[in-house]
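Asker: Model the following, please.
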Amino acid sequence: MAGSKQLEQTSKSIGSSAHMITTARVPADKPVRIAFSLNETEDDDAPENSFALAFPELDQQLQPLPPCHDSTESMQVYKQHCKIAEEYHEVKKEIALLEERKKELIARLEQVEKESMDAAQLAKEYAELTEENRTLKLAQTQCVEQLEKLRIQYQKRQGSS
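Answerer: This is a model prediction of the structure:
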């Protein structure tokens, strides 16, 4: 609000015969307000291209064309174009924020998928190791039984000799 008062004061201090647009650098997250006079007299100090710098972030083909100062309709079209340019800037800013959010969500999704794959891999390894453990226990039991049979046979041989 203070910025618009400053712009209004700046345009008033220029005088009622001013045709020059008054702009101020504002952060990208602040709306841009443009002040200008609709008087039909010309100011020799105002450069013709002062309107072209109203929206420096816009592509050249999207820049509002300077209005014809003798035509109220031209000034209204210029104001409308400036408003549309401001809305366009806001939409571009929102798109950039949404694209950043999309990147964050994709990174989070990839992390969740990786963790899910890790969990699935660990579950698979656990199942394989459990099966291997069961097989080894069975083999151990068979070896213990075979060893016991061999001891019995050895003792019988020792006893018969």
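Asker: Am I right that Glu57 falls within a helix?
Answerer: No: under DSSP: H, G, I helix; E, B strand; the rest coil, Glu57 sits outside any helix and is assigned coil.
Asker: Would you check that it makes contact with His89?
Answerer: Yes: using CB atoms under 8 Å, Glu57 makes contact with His89 at a distance of 6.4 Å. The way it works is simple: take the backbone N, C-alpha and C, and place the C-beta from them, glycine included.
Asker: ok, those two, which is more surrounded?
Answerer: Counted by other CB atoms under 10 Å, Glu57 and His89 do not tie: His89 has more neighbours, with 17 against 12.
Asker: So that one versus Leu97, what's the distance?
Answerer: According to CB to CB, to the nearest Å, His89 stands 13 Å off from Leu97.
Asker: Same question for Glu110.
Answerer: 21 Å.
Asker: Okay, now the unreliable bits of this protein?
Answerer: In the predicted model of the chain, residues 1-54, 161 satisfy pLDDT under 70.
Asker: please redo it, this time with the cut-off set to 80
Answerer: Along the chain, segments meeting pLDDT under 80 span 1-58, 62, 160-161.
Asker: For it, which segments count as helices?
Answerer: 2-14, 72-160 (DSSP state H).
Asker: Format these as a markdown table; extra columns: distance to Gln63.
Answerer: Below are these laid out as a markdown table (distance: least, CB to CB, whole Å):
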| stretch | distance to Gln63 |
| --- | --- |
| helix 2-14 | 20 |
| helix 72-160 | 8 |
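Asker: Point out the most buried one among those helices.
Answerer: Highest mean neighbour count of the helices of the chain: helix 2-14, a mean of 13 (counted as mean count of other CB atoms under 10 Å).
Asker: The helices of the chain: which one's closest to Gln61?
Answerer: Judged by CB to CB, the one of the helices of the chain that comes nearest to Gln61 is helix 72-160, at 11.8 Å.
Asker: for the closest one, packing partners?
Answerer: In terms of contacts (3 or more CB pairs under 8 Å, 6 or more residues apart in numbering; DSSP states H and E), helix 72-160 is not packed against any helix or strand.
Asker: Cool, thanks, signing off.
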